[in-house]
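>>> What shape does this take:
(one chain, ligands or ions: 1)
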Amino acid sequence: MRSLLTRSLLVLLCLLLPSCAFAATLTADADVTTVEMSDTLYGLFFEDINYGADGGLYAELLQNRSFEYEDILNPRAIDHYNGWGFNLTFGAKGKATVMTEDPLNINNPTYMRVTCEKGDYRFANLGYQATTLAGGVPVEVGKNYRCFVYLRNAGDFSGTVEVALTKRTGKAIAQAQTLTLTDAWQKYEMTFTAASTEDAVLSFILHGTGSVDVDMASLMPADAFGADWPGGGLRSDLVQALMDLNPSFLRFPGGCIVEGSYYQSNFYDWKDTVGPVETRKENFNTWGYMQSYGLGYFEYFCLAEALGAEPLPVVHSGVLCQAREKKEGDLTLKEVREYAQDILDLIEFANGDVTSTWGALRAEMGHPEPFNLKYLGIGNENWDSVYWTRFDILYNCVKEAHPEINIVSSAGPVAEGALPSSAWATIRARYPDTIVDEHYYMSGEWFLRNTSRYDRYPRTTKVFLGEFAAHEPVQYNGRRPNSLYSALCEAAYMTGLERNSDVVVMASYAPLMAREGMQQWTPDMIWYNSREVMLTPNYYVQQMFARTVGDQVVASSCESTNQLLYHVVTRTADKLYVKLVNVSDSEEDMTLSLTNVPDGTAVYTRLSGERDAINSFTTKDRVAPVSGECTIAAGMADLLLPAYSVTILTFDLQ
Ligand code: AHR
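Residues are numbered from 1 along each chain as shown. I've put the predicted structure just below:
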């Protein structure tokens, strides 16, 4: 009687106290497998959103380096003077005028004419976020910075131009360069060694009177990743963060920026992004700022190669962004037929022989070997007949010329309802050999409820979950948080992706990057300011999963009263991976019963913490993976799963 009472009390306590443990048994036989897994399951989707390229991954430290900044949709927000400061010397007199006559080249039509009337007139590029603590042109003591600029004497200038890395006050922090100009545009190159660590500026001081023309100034760390690529290099710390994700593909360059907003001239044209960097034709992007295209198609291909990832470019389909109101029309079908050649040219640029027109350009840019392009997305988030009529032309044109290319089609921007159903009906009927790009940003609860989504998909046509993230309600500063909870909901969902990896062949979290304080979209996987990188719980989940991809799914079952426990078991020839996600607020006493797994020690990686925990620039490691070990003997292993945790165990099979 007494023990019955005690047990009832315990049950009651378990119901009342959130920390009470569940008990579970997971059973699997390593030799009983279900489906083959995709070897391109986890990858990256990179878009220049949130200053992801310019002001982010691209190592250029100057903003608006060629005075092209102009947002025709939002002319008050950014203009040709953006990022620059003029008339910075006390007592000097002069002016800066935006010019277009006789420019550097037709793709770079705007430049600045700076006139000094009196004194030593100084103007400077202030970098990104010059007015904030984490902004300006970040330089580090002892490091070298490569600089170039195009200058011209406008005709009446008598004197010299000093180019200097300085403090905001104008005090030099590196040996300055003094230049004498000619009457023609000339490129001046120099290297600065920073004498101190500063949020600096790149200053130009006119010693003399008259006017000089300036365009295309650049300043980059000499040790940037890919510093010798034609467009310039990438931020090493951010490239490292990408490498640490073990990506198997790189989808680029968007996203909405591919479709362009409102105007045909805003379509992303890959040809604008290749060749010498000063001849690339800048364009404003959907997210309200300019794309320098210094990180262009050649550099994207090089990045994919460096990451060991399959390149997956997405080209527009001739349809402007359907999620936005249009002011001009989409391409006509006749125009689409002509535009198809641009796509064939892209394939030639990537894979063509060096004797071909575009293969020759690739070789000239420094990469004679082909990039081995295998995938191509046509359209980003498109749907309806306006898309399919254009897609059909482009699809047939590519298929005919390059049957070896896997084409990615679009199922639109939402997870459920008539729109994706109709897209899928069209695809199954007419383009079943395409890989279908699904995008959805849903609540954490939605992801938990839908972990079996792909269990029901027919196994023939393959899915690319090109954009997904768990969105929690907006919390602070208008942001949706990158909380542990959101990351766990994604992890739970990804157990379903793995279980169905015969159908879901690719998946990528979105968006990938955000510059703190300059973001247009939250949540994002990797955050940074001018000097530091901050990784989120969502990043760690992607990393943990991508580092433990099996070749085959192992049949498994799990008994527990915990409704918020998710699992998947996979294997390679010599490893068994057990992924366990506990999204509940209670710990779980877990017993693993594994057949055909030798005795020994398994290692595990775990992410856990408080439900709503987030990382920040001041508490970067609040949620970070830890590792541990657990023993397995006679097929049995025990471990305790903390509340709000994801644990990935690796067992040796040999
Ligand atoms: O990832 C952010 C945006 O979300 C992408 O540009 C677009 O494809 C989607 O709507």
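>>> who's in contact with whatever residue of the chain ends up closest to the ligand?
Taking Cβ to the nearest ligand atom as the measure, the chain has residue 255 as its residue closest to the ligand, at 3.1 Å. Backbone N, C-alpha and C define where each C-beta goes, glycine included. Residue 255 makes contact with 45, 47-49, 314, 380, 467, 510-511, according to Cβ atoms under 8 Å, 6 or more residues apart in numbering.
>>> Check residue 217 too.
For residue 217, counting by Cβ under 8 Å, 6+ apart, the contacting residues are 62, 65-66, 125, 147-150, 202.
>>> can we see that at 7 Å?
Residues in contact with residue 217 (Cβ atoms under 7 Å, 6 or more residues apart in numbering) are 62, 65, 125, 149, 202.
>>> buried ones in stretch 583-601?
Within stretch 583-601, the residues that count as buried by 16 or more other Cβ atoms under 10 Å are 583-584, 586-588, 590, 592-594, 597.
>>> Stretch 171-180 now?
So for stretch 171-180, counting by 16+ other Cβ under 10 Å, buried means 172-174, 176-177, 179.
>>> gap between it and the chain center?
36 Å (Cα atoms, centre = their mean, to the nearest Å).
>>> what about the strands in the stretch 451-600 of the chain?
462-470, 504-509, 513-515, 526-528, 533-535, 552-560, 565-571, 575-582, 588-595, 600-608 (DSSP state E, counting those that start in this stretch).
>>> touching the ligand at all, the second one?
When you say that, I think you mean strand 504-509. No - Strand 504-509 stays clear of the ligand (Cβ under 6 Å from any ligand atom), getting no nearer than 9.4 Å.
>>> For that strand, buried residues please.
Buried, per 16+ other Cβ under 10 Å, within strand 504-509: 504-509.
>>> Would you mind pulling up the elements that it packs against?
Where contact means 3 or more Cβ pairs under 7 Å, 6 or more residues apart in numbering; DSSP states H and E, strand 504-509 is packed against strand 462-470.
>>> what do you get if the cut-off is 10 Å, keeping everything else the same?
For strand 504-509, the elements it packs on are strand 44-45, strand 249-252, strand 310-315, strand 435-442, strand 462-470, helix 484-499, helix 537-546, judged by 3 or more Cβ pairs under 10 Å, 6 or more residues apart in numbering; DSSP states H and E.
>>> Please apply the same query to the fourth one.
The elements that strand 526-528 packs onto, with contact taken as 3+ Cβ pairs under 10 Å, 6+ apart, are helix 236-243, strand 513-515, strand 533-535, helix 537-546.
>>> Need those in JSON lines (columns: mean pLDDT, mean neighbour count and distance to the ligand).
Output for the helices and strands packed on strand 526-528, formatted as JSON lines (pLDDT from 0 to 100; neighbours: other Cβ atoms under 10 Å; distance: least, Cβ to the nearest ligand atom, whole Å):
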{"stretch": "helix 236-243", "mean pLDDT": "98", "mean neighbour count": "17", "distance to the ligand": "16"}
{"stretch": "strand 513-515", "mean pLDDT": "98", "mean neighbour count": "25", "distance to the ligand": "10"}
{"stretch": "strand 533-535", "mean pLDDT": "98", "mean neighbour count": "20", "distance to the ligand": "18"}
{"stretch": "helix 537-546", "mean pLDDT": "99", "mean neighbour count": "25", "distance to the ligand": "13"}
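>>> Tabulate these (CSV), appending distance to residue 393.
Below are these laid out as CSV (distance: least, Cβ to Cβ, whole Å):
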stretch, distance to residue 393
helix 236-243, 35
strand 513-515, 34
strand 533-535, 42
helix 537-546, 36
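>>> need the residues of the stretch 1-150 of the chain near the ligand, please.
Counting by Cβ under 6 Å from any ligand atom, the stretch 1-150 of the chain sits next to the ligand at 47, 49.
>>> Ok, the stretch 401-550 of the chain next?
Going by Cβ under 6 Å from any ligand atom, the residues of the stretch 401-550 of the chain near the ligand are 413, 439, 467, 510-511, 521.
>>> repeat that with 5 Å
510-511 (Cβ under 5 Å from any ligand atom).
>>> circling back to that earlier point, what's the most distant pair in the buried residues of stretch 171-180?
For those, the farthest-apart pair by Cβ to Cβ is 173 and 179; their separation is 18.8 Å.
>>> Would you agree residue 381 is in contact with residue 413?
Yes - Residue 381 lies in contact with residue 413 (Cβ atoms under 10 Å); the separation is 4.0 Å.
>>> Mutual contacts of those two, please.
256, 321-323, 419, 439, 467 (Cβ atoms under 10 Å, 6 or more residues apart in numbering).
>>> Can you select the buried ones among these for me in PyMOL?
Entered in PyMOL, the line below selects the buried ones among the shared contacts of residue 381 and residue 413, by 16+ other Cβ under 10 Å:
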select buried, resi 256+321+322+419+439+467
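>>> Quick one, which of the shared contacts of residue 381 and residue 413 has the minimum pLDDT?
Across these, the bottom pLDDT score, 88, is held by residue 323.
>>> what's near enough to touch it?
Here residue 323 is in contact with 256, 259, 261, 286, 380-382, 412-413 (criterion: Cβ under 10 Å, 6+ apart).
>>> okay, the residue lying closest to residue 31 once chain neighbours are set aside: pLDDT?
Nearest residue to residue 31, sequence neighbours excluded (Cβ to Cβ, 6 or more residues apart in numbering): residue 596, at 4.6 Å. You'll see residue 596 listed with a pLDDT of 98.
>>> residues touching residue 596, list them.
28-32, 554, 571, 576, 635, 653.
>>> May I ask which of these has the most neighbours?
residue 28 (26 neighbours; other Cβ atoms under 10 Å).
>>> so that residue is in which element?
Residue 28 is located in strand 22-36, with elements delineated by DSSP states H and E.
>>> Okay, domains of the protein per the record?
For the chain, automatic domain parsing gives the domain ranges 24-34+552-652, 40-59+239-431, 77-221.
>>> most neighbours per residue, which of those?
domain 40-59+239-431 (a mean of 20; mean count of other Cβ atoms under 10 Å).
>>> start to end distance for that one?
Chord length of domain 40-59+239-431, first to last residue, is 21 Å (Cα to Cα, to the nearest Å).
>>> about what we covered before: now for the shared contacts of residue 381 and residue 413: which two are most distant?
Taking Cβ to Cβ, no two of these sit farther apart than 256 and 419, at 16.7 Å.
>>> okay, and for this protein, where does confidence drop off?
1-20, 72-77, 326-327 (pLDDT under 70).
>>> now the helices for it?
Listed in chain order, the helices of the chain (DSSP state H) span 2-16, 236-243, 256-259, 297-307, 333-351, 357-364, 384-401, 418-430, 444-449, 484-499, 537-546.
>>> Tabulate the ones you listed (a markdown table), appending distance to residue 478.
Converted to a markdown table, the helices of the chain look like this (distance: least, Cβ to Cβ, whole Å):
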| stretch | distance to residue 478 |
| --- | --- |
| helix 2-16 | 37 |
| helix 236-243 | 24 |
| helix 256-259 | 19 |
| helix 297-307 | 30 |
| helix 333-351 | 37 |
| helix 357-364 | 42 |
| helix 384-401 | 31 |
| helix 418-430 | 27 |
| helix 444-449 | 19 |
| helix 484-499 | 16 |
| helix 537-546 | 19 |
